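Enquirer: coords please:
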Amino acid sequence: AERVARRLAREKAMAVLGDRRVGHVLAADTIVVFQGRLLGKPETADEARRALLALRGKWHRVITGVALAAGRRPRVTHAVTRVRMRDYGEAEIESYIERGEPYDKAGSYAIQDPIFQPVERYDGCYCNVVGLPLGLVIKLASGAGIACDSAVVLPNECASCPLFS
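Expert: Numbering: from 1, shown residues only. Okay, here's the model as predicted:
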């Protein structure tokens with residue numbers, strides 16, 4: 001699964017970079033892995049419902065591949081976060097689906113959703129589950145000689161992020 005996330009991020013970055021030889025392109029791709037299966041973005045309400053029911057009350061992994069391209073050999077890495085969903089009810093799932101929320105999200109959910117709040121706890125990087133592990137982005141940028149502005153305001157969750165240690 002880690003290789004898949006890294007490959008997808010690399011392909012996105014290289015597609016945007018194209019034949020250009022200047023500038024940098026940052027790309028990421030997030031996947032959800034549950035019981036050995038990749039859970040992508042649902043296309044239908046039934047797909048979203050099945051994913052959310054399967055994840056309910058259980059642990060899964062969220063993997064985000066991140067690529068920084070400036071030439072033919074992009075720098076690529078990934079982050080893994082373990083996530084446990086809370087035991088939400090079927091009515092909550094239906095309301096979330098009715099709001100149209102799951103369709104652009106791997107695993108059909110967003111950790112940051114203020115209404116549904118599907119996650120009970122997580123082990124790892126919060127921003128990875130959102131879809132862009134900021135600690136890795138900063139490390140990739142620094143490694144490529146790109147100065148990172150220390151005045152950037154990071155989410156509160158970054159204070160305990162293992163990617164910043």
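Enquirer: just for this structure, where's the confidence low?
Expert: 21-22, 150-152 (pLDDT under 70).
Enquirer: Give me the most central residue, it.
Expert: Nearest to the mean C-alpha position of the chain, by C-alpha atoms, centre = their mean, lies residue 131 at 2.7 Å.
Enquirer: dump the residue contacts of the residue lying closest to that residue once chain neighbours are set aside.
Expert: Excluding the flanking residues, the one nearest residue 131 by C-beta to C-beta, 6 or more residues apart in numbering is residue 30, at 4.7 Å. From N, CA and C alone the C-beta is placed, and that goes for glycine too. Contacts here follow C-beta atoms under 8 Å, 6 or more residues apart in numbering; on that basis residue 30 touches 5, 62-64, 106, 128-129, 131.
Enquirer: let's go with 10 Å and repeat that
Expert: Applying C-beta atoms under 10 Å, 6 or more residues apart in numbering to residue 30 gives the contacts 5, 8-9, 41, 62-66, 78-79, 81, 105-107, 128-133.
Enquirer: and what of residue 82?
Expert: 59-62, 121-124, 129.
Enquirer: How much space separates it from residue 159?
Expert: Using C-beta to C-beta, to the nearest Å, residue 82 is found at 19 Å from residue 159.
Enquirer: Looking at the chain, which helix is longest?
Expert: helix 2-17 (DSSP state H).
Enquirer: In that one, which residues are buried?
Expert: 2, 5-6, 8-10, 12-14, 17 (16 or more other C-beta atoms under 10 Å).
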